[in-house]
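Colleague: Give me the fold of what follows.
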Amino acid sequence: MFPLTITNYVKMGLAVLVVLGSAYIGYRIGHGELVSYKLDQQAAAQKLEAQYQAQAAQIEKEKNDQITAINSQLADTLVQLQQRPSRPAKTSTATGGTGATLYAQDAEFLVREAARADEIRIGLQACYAQYDSLK
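Modeller: Modelled structure (predicted):
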């Protein structure tokens, strides 16, 4: 009924178990190495992210310090501009002038626009610095 002896079937069964056991052990070793590799990569990525966050925070702090300085200068300048004469209701067209002869309202407008332009320029420089730090 059976072409082989029972010992041959037992030997084949043991051989199959050895092959399956070897495959399982190989899988566990490979899986362990893969998990270790993933953890190493994740740790490296977190370290790099922390470095980038620190650089971004430093750039943001420098930008905010510069903007604070600009706003301080703007406030000081606006106080000084209050000493200038106001624009009269009827103006004459003069043939030339300098910044020193501007009326208070005109000078205040120009100083505010210059401060706003400086804030935008500093923001752009901070954006460039942050982008360049990621390269």
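Colleague: Looking at per-residue confidence, what score does the residue positioned nearest the centre of the chain get?
Modeller: The centre of the chain sits closest to Ala56, judged by CA atoms, centre = their mean, with a distance of 5.0 Å. Per-residue pLDDT puts Ala56 at 94.
Colleague: any idea how far it is from Ala15?
Modeller: 61 Å (CB to CB, to the nearest Å). Just so you know, the C-beta spots here come from the backbone N, C-alpha and C atoms, and that holds for glycine as well.
Colleague: circling back: any idea which element the residue nearest to the centre of the chain lies in?
Modeller: helix 6-81 (DSSP states H and E).
Colleague: Quick check: next helix or strand after that helix?
Modeller: Helix 6-81 is succeeded, C-terminally, by helix 104-133 (DSSP H and E).
Colleague: Look at Arg116 and say how many residues are nearby.
Modeller: Arg116 has 12 neighbours, counted by other CB atoms under 10 Å.
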